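J.: Sequence first, then the predicted structure:
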Amino acid sequence: MIAPGSTLGLLGGGQLGRMFTVAARTLGYRVTVLDPDPLSPAAEFATGHLNTAYTHPVSLDELAQTCAAVTTEFENAPAEALLALAERTVVRPSGNAVAVAQDRSREKGFIATHGLPVGPYADIRAEADIEAALARVKLPAILKTARFGYDGKGQAAIASRADLERVFAEWKRVPCVLEERLALELEISVILARAADGTVEVFPVAENRHARGILDVTIAPARIPAALAAEATMLATRLAQALEYVGVLAVEMFVVGGRLLVNEIAPRPHNSGHYTIDACRTSQFEQQVRVLCGLPLGDPTLHTPAVMVNLLGDIWGAGEPRWDAVLRHAGAHLHLYGKREARPGRKMGHVTVCEPDPARALEVALAIRRDLGIAESA
């Protein structure tokens with residue numbers, strides 16, 4: 001066990017890192033953030049900020065020497081940096097697990113290889129792969145870059161072979177994955193924590209709505225049959241075990257024709273788990289600290305139904321939003337991430353509405369969206 005008072009290292013200093021740092025500091029740990037952004041949201045709460053590139057050898061050496069354990073807040077943290085740190089200190093999750101989640105091609109292959117359900121897809125690494133890809137994947141489809149895509153970035157709708165050839169060329173033929181566009185009934189996510197001894201604790205399954213490829217609203221618990229929620233929990237647990245994962249893991253899934261398909265994984269806390277801060281006995285961020293430090297896992301039980309609304313930079317277009325429209329509701333909890341510049345599509349904060357009645361929580365959350373001028377989801 002790594003006791004409070006020790007220093008923890010964090011690769012990445014965005015909002016997920018900020019919430020991890022708050023949880024760690026609350027438990028009595030010091031935190032050193034490694035992030036090239038001088039205005040890192042996480043660094044505002046940390047006890048140290050290494051303001052360099054993630055692979056800077058001097059910074060990595062300082063983390064290895066001064067931190068009892070190191071984690072990451074985003075999947076694009078260089079896996080080689082995590083692997084190098086693991087030779088000298090505790091690193092959770094492992095660089096190998098993060099490397100799988102960093103690459104959509106590896107991720108899809110890993111999921112399929114371990115017998116978990118996944119939608120039709122094909123890898124495209126060269127123009128010569130297009131013919132075989134179209135034989136496996138029906139159009140319309142979605143082309144995604146294998147690396148560095150998130151929140152709708154690195155994705156394009158494909159309606160024809162001509163579309164596929166054009167987009168692949170425009171993206172300079174970087175490795176891609178072609179995924180069949182499915183008739184989704186619902187999108188859900190499962191967030192769990194897996195300890196070094198294999199112990200697993202799973203948060204309630206959440207229901208997610210997206211707009212423009214970015215999470216818009218999360219409803220917890222998901223409005224799905226208990227049997228389907230149990231299956232989703234089982235699939236996520238199997239995936240964590242197959243990865244030999246140690247840390248907090250998010251698994252996104254589609255419900256198609258009443259069946260579950262695994263979409264993608266995130267080796268870290270997840271946007272759809274922000275509701276756990278206000279609605280669960282242990283938040284996903286405290287759980288991340290507990291796993292990292294070898295502490296007993298917390299109880300993930302939901303004590304109040306909740307609905308989370310993402311706040312994007314778009315709502316700052318006419319000036320500072322009217323936060324009284326949020327805070328006049330007794331069950332509403334406002335979380336702002338301290339980012340200095342509001343840009344369209346940029347995650348600036350979130351609101352979680354907690355109410356004993358799930359329908360009331362959704363009603364209030366949707367009213368807050370309207371009051372803040374958030375456009376209705378497509």
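T.: That came in fine, so what should we check first?

J.: Residue ranges in the chain under the pLDDT threshold?
T.: Applying pLDDT under 70 to the chain flags the ranges 149-152, 377-378.

J.: again, only using 80
T.: Along the chain, segments meeting pLDDT under 80 span 148-153, 375-378.

J.: domains of it?
T.: Domain segmentation of the chain under automatic domain parsing yields 7-91, 120-180, 186-371.

J.: need those domains in a markdown table with distance to Met1 and mean neighbour count, can you?
T.: Any C-beta I mention is one placed from the backbone N, CA and C, and that applies to glycine too. Output for the domains of the chain, formatted as a markdown table (distance: least, CB to CB, whole Å; neighbours: other CB atoms under 10 Å):
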| stretch | distance to Met1 | mean neighbour count |
| --- | --- | --- |
| domain 7-91 | 10 | 21 |
| domain 120-180 | 33 | 16 |
| domain 186-371 | 5 | 19 |
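
J.: wait, which of those domains is closest to Thr113?
T.: With CB to CB as the measure, domain 186-371 is the member of the domains of the chain nearest Thr113 (8.6 Å).

J.: Tell me how far the closest one lies from the chain's centre.
T.: Distance, stretch centre to chain centre, for domain 186-371: 9 Å (CA atoms, centre = their mean, to the nearest Å).

J.: could you list every residue that touches Ala46?
T.: With contact taken as CB atoms under 8 Å, 6 or more residues apart in numbering, Ala46 is in contact with 10, 13, 21, 31-33.

J.: The same query, at a cut-off of 6 Å, please.
T.: 21, 31, 33 (CB atoms under 6 Å, 6 or more residues apart in numbering).

J.: Ok, Arg281 next?
T.: Applying CB under 6 Å, 6+ apart, we find Arg281 in contact with 299, 301.

J.: That one and Cys293, how far apart?
T.: Applying CB to CB, to the nearest Å, the value for Arg281 to Cys293 is 18 Å.

J.: what does Leu243 give?
T.: Distance, Leu243 to Cys293, using CB to CB: 20 Å.

J.: before we move on, what about Arg30?
T.: Noted for Arg30: a distance of 12 Å to Cys293, by CB to CB.

J.: and for those two, which residues touch both?
T.: Listed as contacting both Arg30 and Cys293 by CB under 6 Å, 6+ apart is no residue at all.

J.: one step back: so which of the contacts of Ala46 is the closest to Glu252?
T.: Closest to Glu252, out of all of these and judged by CB to CB, is Thr21, at 24.7 Å.

J.: How about the contacts made by the closest one?
T.: 31, 42, 45-46.

J.: what about 7 Å?
T.: Residues in contact with Thr21 (CB atoms under 7 Å, 6 or more residues apart in numbering) are 10, 31, 33, 42, 45-46.

J.: mind checking the SS state of it?
T.: helix (DSSP: H, G, I helix; E, B strand; the rest coil).

J.: In strands, which of the contacts of Thr21 fall?
T.: 10, 31, 33 (DSSP state E).

J.: Please, which helix or strand holds Ala77?
T.: Here Ala77 sits in a region with no helix or strand, counting by DSSP states H and E.

J.: same check, this time on Leu184
T.: Assignment of secondary structure by DSSP H and E places Leu184 within no helix or strand.

J.: neighbours around it, how many?
T.: Look at Leu184: counted by other CB atoms under 10 Å, it has 14 neighbours.

J.: so what's it closest to, chain neighbours aside?
T.: Leaving aside its sequence neighbours, Leu184 sits nearest to Phe254 (CB to CB, 6 or more residues apart in numbering; 5.3 Å).

J.: The one helix or strand the one you found maps to pairs with which strands, parallel or anti?
T.: Element membership of Phe254 [criterion: DSSP H and E] is strand 247-256. Paired strands of strand 247-256, with direction, are strand 186-194 (antiparallel), strand 259-266 (antiparallel) (DSSP bridges).

J.: does Leu164 really touch Ile158, like I thought?
T.: Yes. Using CB atoms under 7 Å, Leu164 is in contact with Ile158, at 5.0 Å.

J.: Now list whatever residues contact both of those two.
T.: Common neighbours of Leu164 and Ile158 are listed as Leu143 (criterion: CB under 7 Å, 6+ apart).

J.: Tell me how far Arg343 lies from Arg290.
T.: Arg343 is 34 Å from Arg290, by CB to CB.

J.: Run a quick check on the residue nearest to Leu184 versus Glu264, I expect a contact.
T.: No. Judged on CB under 7 Å, Phe254 makes no contact with Glu264 at a distance of 10.1 Å.

J.: before we move on, back to that, export the ones in strands among the contacts of Thr21 to TSV and tack on distance to Thr72?
T.: TSV is the format used below for these (distance: CB to CB, whole Å):
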residue	distance to Thr72
Leu10	7
Val31	13
Val33	11
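
J.: Arg181: which of those is nearest?
T.: Nearest to Arg181 among those is Leu10, at 36.6 Å by CB to CB.

J.: so what's the closest one up against?
T.: Applying CB under 7 Å, 6+ apart to Leu10 gives the contacts 17, 20-21, 31, 33-34, 42, 71, 73.
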